[in-house]
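> Have a look at this prediction, sequence included:
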Amino acid sequence: MNHTPLKTIPANELNAEALYQSLLSHMRTVVTDSATPIRLVGIASGGVWLARRLQLDLDLEGEAGVVSSSMHRDDFSTRGLSSMTVQTQLPFEVNGATVWLIDDVLYTGRTIRAVLNELFDYGRPAAVKLAVLVDRGQRELPVEANVAIARAELPATQLLELSRTPQGQLTFDVEAIAD
Amino acid sequence: MRLQRNPQLNANGELIHLLSTEGLSKAVLTHILDTAANFVSVSDREVKKVPLLRGKSVFNLFFENSTRTRTTFDIAATRLSADVINLDIARSSASKGESLLDTIDNLSAMAADIFVVRHNESGAPYLIAQHVAPHVHVVNAGDGRHAHPTQALLDMYTIRHFKGDFSNLSVAIVGDVLHSRVARSNIHALTTLGCPDVRVVGPKTLVPGDMTQMGARVCHDLREGISGVDVVIALRLQNERMSGALLPSAQEFFKSYGLTPERMQCAKPDAIVMHPGPINRGVEIASAVADGPQAVILSQVTFGIAVRMAVMSIVASHDA
């Protein structure tokens, strides 16, 4: 867990690239301190770019995994299957692995719960940790990140999402939730 | 006068029952295929289960015998974590004279969520769909000679998997088209998905001229019918047709319309060969073709599970 309390940054001042560099720096320490190899798994879809970029920048062996929450979401009966585009791919042995889940934003914690259920359908990891760029609070479940780079507060009517420019630069978008 | 809404769709245009590929838009069919793509990998996981239909009750009502279709629906529902109840109609109260709707009412009183229905009378699933409560969904597993929409969808999935875009394809359906609900559902799906060249091929007694009204080209010569096609779908020749004097014999059928390696040379070199199963070796298809590199029959079976998972998940997620 972070020991320094995070300062709250206004959502429109979030600099995704700078936050990524901080995340990378934290993860370098994690890799050095870890006795066993760590496996990065990006949470679809915002965490996937982050995990893949970290995998390269940390010079880790193999490929970052991808985990989708869509099969274990708790809102299937209201939302249906609308967001089923990215599928779970875990190119490593999950049994006994030290898995670091990577995501852009941590919010209610429901996606993490769904992702943990999905991950455990593939095996029994030795440990699962969570690293996110932004924690926007408002948890509805007892879930916390091991590493969170920044804190932001947004009203419930707004979405905070990571996107990528055509040049590959990471950027945060704030959008009003459609009615 | 109010336009009649397709009974398969709710007021938002969302699928609540699957009764026929007829009347479903390209968007609805494509959504089912896209959803199925996500389910193919569930069968490869160590834990072959996702909780999307957890706690739902799926009743398989097969008034017509079919072990294979019923088994695939059973597997599909189970992989979605649903509870599956197989109704053995021969031993059930239908044989005691209970009407179809009374049977449905009784099962609904046991909190059924999805009915998968195969019936020898065309239209039976529609009757059931009109009758059930708003949260109950009906999937047609084959009704009379009318429709077999999940077979058509898995056939479309298979074609899309191996051939990509429908708008450039030539597809030939060969065999007993007259009695085939699979053929009818396939023709509707292919034309809706934009296939510009659909042909039905077989003897005059089994391939009626009025198939052209559905948008298919009628051919009575096999070589001409499969010339240059990307996909050949062979239909099962049912024994009853021979005893009904529509055909002299199975051997005669094979002589003129059986798919052999030599005749398959009329199709494109990379054409795929499909069959809804079970295959009659030496009747509609030679073993060399059925077991050869062009046949994708076993892939159809695998995709059939994913497609049925998709159909059940989609209808279950929409209220009437």
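That came in fine, so what should we check first?

> burial measure for A:A178, as a count.
If you count neighbours by other Cβ atoms under 10 Å in any protein chain shown, A:A178 ends up with 5. Backbone N, C-alpha and C define where each C-beta goes, glycine included.

> likewise A:R151?
So A:R151, with other Cβ under 10 Å, has 16 neighbours.

> just A:E17 next, same as before
10.

> Hmm, A:G168 and it touching each other?
No. Counting by Cβ atoms under 8 Å, A:G168 is not a contact partner of A:E17; they are 10.2 Å apart.

> What is the three-state secondary structure of the residue positioned nearest the centre of chain A?
Compute the mean C-alpha point of chain A, and by Cα atoms, centre = their mean the closest residue is A:D103, 1.1 Å away. With DSSP: H, G, I helix; E, B strand; the rest coil as the basis, A:D103 sits in strand.

> Tell me which residues touch it, please.
Neighbouring residues of A:D103 by Cβ atoms under 8 Å, 6 or more residues apart in numbering or on different chains: A:42-43, A:46-47, A:50, A:111-112, A:130-133.

> Let's have those in TSV, adding pLDDT and neighbour count.
Rendered in TSV, the data for the contacts of A:D103 read as follows (pLDDT from 0 to 100; neighbours: other Cβ atoms under 10 Å in any protein chain shown):
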residue	pLDDT	neighbour count
A:G42	98	26
A:I43	97	27
A:G46	91	22
A:G47	96	28
A:L50	97	27
A:T111	95	25
A:I112	97	23
A:L130	98	22
A:A131	98	23
A:V132	97	27
A:L133	96	29
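
> Export those residues to CSV and append columns for distance to chain B and secondary structure.
Formatted as CSV, the contacts of A:D103 follow (distance: Cβ to the nearest Cβ, whole Å; DSSP: H, G, I helix; E, B strand; the rest coil):
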residue, distance to chain B, secondary structure
A:G42, 17, strand
A:I43, 16, strand
A:G46, 19, helix
A:G47, 18, helix
A:L50, 23, helix
A:T111, 15, helix
A:I112, 16, helix
A:L130, 22, strand
A:A131, 25, strand
A:V132, 25, strand
A:L133, 27, strand
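
> Just the pLDDT at B:S108, thanks.
For B:S108, the model assigns a pLDDT of 86.

> My guess is it contacts B:A133. True?
Yes. Using Cβ under 8 Å, B:S108 is in contact with B:A133, at 6.5 Å.

> Give me the more crowded residue out of those two.
Ranked by neighbour count (other Cβ under 10 Å), B:S108 and B:A133 place B:S108 first, with 17 against 8.

> got the buried residues for the least confident helix or strand in chain A by mean pLDDT?
The helix or strand of chain A with the poorest confidence is helix A:76-79; it has a mean of 77 (mean pLDDT, DSSP states H and E). Buried residues in helix A:76-79, defined by neighbour count with 16 or more other Cβ atoms under 10 Å in any protein chain shown: A:F76.

> Distance to B:F166 for the contacts of A:D103 - can I get that in a markdown table?
A markdown table is the format used below for the contacts of A:D103 (distance: Cβ to Cβ, whole Å):
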| residue | distance to B:F166 |
| --- | --- |
| A:G42 | 33 |
| A:I43 | 34 |
| A:G46 | 33 |
| A:G47 | 35 |
| A:L50 | 37 |
| A:T111 | 35 |
| A:I112 | 40 |
| A:L130 | 43 |
| A:A131 | 44 |
| A:V132 | 42 |
| A:L133 | 42 |
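
> Secondary structure element for B:G142, which one?
For B:G142, the enclosing helix or strand under DSSP states H and E is strand B:137-143.

> Quick one: list the elements packing against that strand.
Judged by 3 or more Cβ pairs under 8 Å, 6 or more residues apart in numbering or on different chains; DSSP states H and E, strand B:137-143 is in contact with helix B:67-79, strand B:114-119, helix B:124-131, helix B:149-163, helix B:297-316.

> Excluding chain neighbours, what is closest to the residue of the stretch 101-250 of chain B found nearest chain A?
Closest contact between the stretch 101-250 of chain B and chain A, by Cβ to the nearest Cβ, is at B:H135 (10.1 Å). Closest residue to B:H135 apart from its sequence neighbours, by Cβ to Cβ, 6 or more residues apart in numbering or on different chains: B:D319 at 6.2 Å.

> Same question for B:L178.
Closest to B:L178 by Cβ to Cβ, 6+ apart is B:L206, at 5.0 Å.

> Check which residues of stretch B:120-137 are buried.
So stretch B:120-137, judged by 16+ other Cβ under 10 Å, has buried residues B:124-129, B:132, B:136-137.

> just checking, B:R45 touches A:D121?
Yes. Counting by Cβ under 8 Å, B:R45 does reach A:D121; the two are 6.2 Å apart.

> In terms of helix, strand or coil, where does the residue nearest to B:L178 fall?
Relying on three-state DSSP, one would call B:L206 coil.

> Number of residues surrounding it?
23.

> And the one 10 residues further on, by the same measure?
B:A216 is flanked by 24 other residues according to other Cβ under 10 Å.

> Over to A:A127?
13.

> Bridged to the residue nearest to the centre of chain A, which residues?
A:V132 (DSSP bridges).

> List, one by one, the residues from chain A near chain B.
Contact residues (Cβ under 8 Å from any Cβ of the partner chain) of chain A with chain B: A:70-72, A:76-77, A:79-81, A:84-85, A:87-88, A:117, A:121-123.

> what's the pLDDT at B:D221?
At B:D221, pLDDT is 97.

> And A:L6, by the same measure?
76.

> ok, the residue lying closest to it once chain neighbours are set aside - contacts?
Spatial nearest neighbour of A:L6, excluding adjacent residues (Cβ to Cβ, 6+ apart): A:R151 at 4.0 Å. The contact partners of A:R151, by Cβ under 8 Å, 6+ apart, come to A:6-9, A:134-137.

> Is there a neighbour count for A:P91? I'd like the number.
11.

> Give me the helix or strand of chain B that scores worst on average pLDDT.
Lowest-scoring helix/strand for chain B, mean pLDDT, DSSP H and E: helix B:239-243, at a mean of 66.

> can you list the weak-confidence ranges in chain A?
Residue ranges of chain A with pLDDT under 70: A:1-5, A:82-84, A:179.

> could you show me where the strands are in the chain, in order?
If you meant another chain, say so; for now it's chain A. Along chain A, counting by DSSP state E, strands occupy A:8-9, A:38-43, A:65-67, A:98-106, A:127-135, A:147-152, A:158-164, A:170-176.

> think we crossed wires, I meant chain B
Using DSSP E, strands in chain B cover B:57-62, B:83-88, B:114-119, B:137-143, B:170-174, B:197-201, B:217-219, B:231-234, B:272-274.

> okay if I get those strands as a markdown table plus distance to A:A35?
Formatted as a markdown table, the strands of chain B follow (distance: least, Cβ to Cβ, whole Å):
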| stretch | distance to A:A35 |
| --- | --- |
| strand B:57-62 | 48 |
| strand B:83-88 | 45 |
| strand B:114-119 | 50 |
| strand B:137-143 | 52 |
| strand B:170-174 | 58 |
| strand B:197-201 | 62 |
| strand B:217-219 | 69 |
| strand B:231-234 | 55 |
| strand B:272-274 | 51 |
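
> and those, which one is worst for confidence?
Among those, strand B:83-88 scores lowest, at a mean of 90.
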